[in-house]
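1. what's the 3D shape of this:
(2 chains)
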Amino acid sequence: MTTSTISSPAGFSKSLLSIWGSIKKIPPVYPVFFIIFIVLGLLNPSKYQTMTGIMTFLRTAAPLGVLAAGELLVLALGGFDLSVGAIVTFVVLVSSKLLANDPANAYPAILIMLGFGVAIGAVNGLVVSYLRVPSFIATLGMMLLVRGGALYWVGGAPQGYLTENWRAFGRNYIQNVPLFGRIPYALIVLIVVAAIAYFLFHRTHFGKQILSIGDNVRASQLSGVRVRVVRVLTFVLCSVFAVIGGILLGGFGGVNVTIGEGLEMQAIAACVIGGVLLGGGKGSVLNAIFGAFTLQAIVNLLNLLGLPKPYTDAVQGLIIIAAVAYVGLSTQRKR
Amino acid sequence: MTTASGNELKRLHGLPVRLRSIHIPPVYYFLILVFLVGGTLDQIFADGQIFSNPAIMLNIIVRSVALGIVAVGQTLVIIGASIDLSVAYTISITAVMSSYIMQGKTANVPLAILEVFGIGLLIGLVNGLTITKLKVNPFIATLGTSLIIKGIINATFSNYTGSVPKSFEYFGYGTVGPIPVSIIILLLIVLVGWFLLSNTKFGSHLYGVGGNSEVARLSGVRTDRVLIGAHVICSMTAILAGLFLVSQMRSGAPWVGPNGVYDLNSIATTVIGGTALSGGKGGVWGTLGGVLIFGVLETVFNQLGVNPYLKTVLQGAIIVIAVASYTIRSKKEAA
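-> Down below sits the predicted model:
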């Protein structure tokens, strides 16, 4: 049956067209990412063409991917979450204090951090829902509160170091895995987070309700969506993911007062490169995570080219604008 | 009935109708509340200077000048349903460039001013054109330009650069009678902003574009031009704020903009002043109230000797409460 359609010339061009059609449907973030990654591989084959190199890259990119997955949910809801960077700082600084240099405290500390994540997200969601403060301002206030609170708690400077078992999630690998060589824990964490976010966002009513609220709050209210419950849960998910991202980043980078600075903007940029509409109503978890990979690949590329840090910022800015313009214009043409 | 009671009121108070028709933005009630509470705390726990020393009152306003000038520009942009995250680094580039060109010589002042306003025009045009012609979301577009300017500054300057001639310090330190020049300039900028918004075609078009861009376009407004104009004005206010800061600091430093958090603070004060982030609603007088709240808080915290980190926490909480104090009564869901 299939062979007969292909053997006739008209059928052949038709099937070519349908292949072209499905190629055009691929979100632009994937070609952008793979082009940058291939350039990386050409410039430094030993690092980006081996399995080990790819795994190292994924370990670096995983934290931003986790943050982007959380930010995506809030963006799809039509909101913003500017507090994720401050949460990362909070997790790293306060953990260094709670651990008190004793490895036995590592897992309780992580649980406490996740608890803080739930609380911070719940407050964000409640302030937006019940005080009707726009999320941009509510989470901006939360950003100041969380960052100031963390610095006040530890007295302005990190207290002690992060123990080895706490840092394992962001730093270590599972060794001797057949086929892959070694797999970073961070990648496994990212896959678990991505799977949860994907399932909730693309496969449940909850996800559909997030999108419908982002599209039109009033209409979703009238059709019986419990807007406030959904919104609070979404903000909680975003903050919990930010805590997880903070644990990965702290494990990777160690204690640092400025570790979370600007991460909220990077997470939002990653989502937008992944095709999210700011203002809500559209988004995909996988695309957002690949948006984060793209950003990380850009940073690695600029480092590889030997550009000093300041130029990296400037070129990153240019590329973000160009990528978003490309994504935006190509989506517009389809309409 | 209504007119009768209106006439009655007019007779009772003997006020001209024109004066009573002035609508005081609700933010001023919050400003008075913050001032009274802060002053009372100062009376109890510190030396009570806030209520007794008029120099402190003036100082509150002088402290607010730089933020106030940028916030006027930010208000215009936000009314047009856009946003400008590049103002902080625009301020930085103004500070270093103008001080670098002046090199302490009065003869170089006009050239320096011309040059930085040229830069402002360029930044505003790039922002406006990227948003309107390339259809990049304003949040991402201005985040991108902000990164680009940051890269350029950090690649060229790393510390205090050049210096400002004595004559130019008049801008930051001069007085006309008892009133500092900077306060007069702030008031002039607010008046210009108010005039543009309420008495010109540009202003009403801007409200139209912010309220519903498509409707505005269909009724013959050149929406792109209006938005580009608003962005150019916003960059110009950032340039003015940068010039004011450099005249106060006597030498330009690349970190003045980001250290003052002028991007997020100008947005926060605008929203506290009652301008809707979704656009089409608001005005500069409300923004001035928001800016003065920040000034009062700063002064109160200094008087009471509050821990700097606790200061950040309180500032975050107060931003949210200030906005909540009037959004809580609105019937519309926030996003």
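2. spatially central residue for the chain, please.
-> All of this refers to chain A. Nearest to the geometric centre of chain A sits residue A:68, at 1.7 Å (Cα atoms, centre = their mean).
3. let me rephrase: I mean chain B.
-> residue B:71 (1.5 Å).
4. model confidence at it, what's the number?
-> We have a pLDDT of 97 for residue B:71.
5. that one contacts residue B:268, doesn't it?
-> No - if you go by Cβ atoms under 8 Å, residue B:71 and residue B:268 don't touch, sitting 9.1 Å apart. C-beta: built from backbone N, CA, C; applies to glycine.
6. which residues are in contact with both of the two?
-> Residues touching both residue B:71 and residue B:268 by Cβ atoms under 8 Å, 6 or more residues apart in numbering or on different chains: residue B:290.
7. run through chain B and note the low-pLDDT ranges.
-> Along chain B, segments meeting pLDDT under 70 span B:1-22.
8. same thing but 50
-> Along chain B, the model assigns pLDDT under 50 to residues B:1-6, B:9-10, B:12.
9. now the strands for the stretch 151-300 of chain A?
-> Assigned strands in the stretch 151-300 of chain A, in chain order: A:173-177, A:181-184 (criterion: DSSP state E, counting those that start in this stretch).
10. now the residue in the stretch 1-150 of chain B that chain A sits nearest to: which helix or strand?
-> Nearest residue of the stretch 1-150 of chain B to chain A: residue B:147, at 2.9 Å (Cβ to the nearest Cβ). Element membership of residue B:147 [criterion: DSSP states H and E] is helix B:138-156.
11. make sure I have this right: residue A:34 is in a strand.
-> No - going by DSSP: H, G, I helix; E, B strand; the rest coil, the assignment for residue A:34 is helix, not a strand.
12. ok so, going back, in terms of secondary structure, what does the helix holding residue B:147 contact?
-> For helix B:138-156, the elements it packs on are helix A:263-273, helix A:309-334, helix B:87-102, helix B:109-132, judged by 3 or more Cβ pairs under 8 Å, 6 or more residues apart in numbering or on different chains; DSSP states H and E.
13. and with 6 Å instead?
-> helix A:309-334, helix B:87-102, helix B:109-132 (3 or more Cβ pairs under 6 Å, 6 or more residues apart in numbering or on different chains; DSSP states H and E).
14. show me the contact partners of that helix.
-> With Cβ atoms under 6 Å, 6 or more residues apart in numbering or on different chains as the test, helix B:138-156 has contacts from A:265, A:272, A:278, A:310-311, A:313-314, A:316-317, A:320-321, A:324, B:82-86, B:89, B:92-93, B:126-127, B:130-131, B:254.
15. drop anything exposed from those.
-> Neighbour-count burial (16 or more other Cβ atoms under 10 Å in any protein chain shown) applied to these gives A:265, A:272, A:278, A:310-311, A:313-314, A:316-317, A:320-321, A:324, B:82-86, B:89, B:92-93, B:126-127, B:130-131, B:254.
16. please list the residues of chain A that sit near chain B.
-> For chain A, the contact set with chain B under Cβ under 6 Å from any Cβ of the partner chain comprises A:78-79, A:128, A:131-134, A:136-138, A:140-141, A:144-145, A:148-149, A:151-152, A:217, A:265, A:272, A:278, A:310-311, A:313-314, A:316-317, A:320-321, A:324-325, A:328.
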